[in-house]
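Student: Structure for the following, please:
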Amino acid sequence: MRVVYLHGEKAVIAARLAEREGHFMPRSLLDSQFAVLEEPDPDEESIRLETDRLVGDIVAEIVRELNPPTESRSPVIPQIKPDLKQASATVGPRPSARATTSLRSDLPLAIEDYALIGDCVTAALVGRNGSIDWLCWPRFDSNACFAALLGTSEHGRWQIRPADPAPRVSRSYRDGTMVLETVFETADGRVALIDFMPVGRSNSSLIRVVHGQRGKVARRLHLALRFVTARQCRG
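Tutor: Model prediction:
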């Protein structure tokens with residue numbers, strides 16, 4: 001595994017943020033991100049690239065570094081067009097074929113069924129089943145306290161879900177934020193699970209709020225903390 005480190009001057013990145021419409025990250029968070037940034041050590045053999053280049057050129061350089069050309073083979077370089085106008089991050093309702101989610105499985109979900117929340121110091125992956133299956137605590141480079149993404153619930157998770165094993169599930173980020181709202185609907189009612197991590201605090205915090213919206217919905221909670229490494233999970 002090799003790390004790709006994109007290096008950019010703060011002024012350049014600030015200008016790009018200003019050009020993005022509807023992006024979840026405001027300009028005011030840039031200083032805090034640079035304050036906690038740690039550049040890769042020389043012995044990590046990272047691929048360092050400057051962000052003032054075109055996106056296609058950056059991708060081409062990464063491909064060349066990871067897959068050096070030989071006499072009989074040339075790397076396939078994807079064509080990517082830069083787009084500074086990004087839509088706000090949204091995880092909307094799934095198509096009808098996926099609208100109903102089974103919550104009883106002990107195995108991790110497909111990666112597209114997770115949404116990201118974070119505070120610029122660390123981040124968590126929240127599944128459509130109400131389970132946080134990945135979180136390194138209290139920083140990105142700390143051991144994982146929730147690592148079910150790499151194994152099963154035995155490797156750590158925090159799940160809050162309806163007792164009904166197959167509710168209808170929809171979710172989205174609240175406008176302009178990284179506040180994730182997952183709505184479970186059963187025959188008995190509807191309940192929302194609101195997940196977020198406040199930014200700018202001295203200590204990282206993970207907040208989960210259960211908000212009843214209609215009827216009465218019985219719920220289940222499973223909390224298992226495991227401060228382990230990925231190798232321990234895979235082993």
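
Student: can you tell me which residues contact Thr152?
Tutor: Applying CB atoms under 8 Å, 6 or more residues apart in numbering, we find Thr152 in contact with 106-108. All C-beta atoms are positioned from the backbone trio N, CA, C, and that covers glycine.

Student: Let's see if you can find the most crowded of the residues you listed.
Tutor: Pro108 (23 neighbours; other CB atoms under 10 Å).

Student: and which of the contacts of Thr152 is nearest to Ile58?
Tutor: Pro108 (30.8 Å; CB to CB).

Student: On the three-state scheme, that closest one is what?
Tutor: coil (DSSP: H, G, I helix; E, B strand; the rest coil).

Student: Next, the contact list for it, please.
Tutor: 127, 133, 148-152.

Student: Name the nearest of these relative to Pro68.
Tutor: Leu150 (30.2 Å).

Student: per-residue pLDDT, that closest one?
Tutor: Predicted confidence (pLDDT) for Leu150: 89.

Student: what are the phi and psi values for it?
Tutor: Main-chain dihedrals, Leu150, degrees, to the nearest 10: phi -100, psi 0.

Student: circling back to that earlier point, okay if I get the contacts of Thr152 as JSON lines plus distance to Arg201 and pLDDT?
Tutor: Compiled in JSON lines, those are given as follows (distance: CB to CB, whole Å; pLDDT from 0 to 100):
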{"residue": "Asp106", "distance to Arg201": "33", "pLDDT": "78"}
{"residue": "Leu107", "distance to Arg201": "34", "pLDDT": "85"}
{"residue": "Pro108", "distance to Arg201": "29", "pLDDT": "90"}
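
Student: Quick check: phi and psi on Ala11?
Tutor: phi -60, psi -40.

Student: what about it, neighbour count?
Tutor: Ala11 - counted by other CB under 10 Å - has 8 other residues nearby.

Student: Roughly how far does it sit from Leu37?
Tutor: 15 Å (CB to CB, to the nearest Å).

Student: what's the closest residue to Ala224 other than its chain neighbours in contact with, if anything?
Tutor: Leaving out its chain neighbours, the residue that sits closest to Ala224 by CB to CB, 6 or more residues apart in numbering is Gly156, at 5.3 Å. By CB under 8 Å, 6+ apart, the contact set of Gly156 is 144-148, 224-226, 228.

Student: Quick one, which of those are buried?
Tutor: Among these, those classed as buried by 16 or more other CB atoms under 10 Å are 144-148, 224, 226, 228.

Student: Verify the stated contact: Leu178 with Ala123.
Tutor: Residue 178: Met, not Leu. No: using CB atoms under 8 Å, Met178 is not in contact with Ala123; the gap is 9.2 Å.

Student: All set now, cheers.
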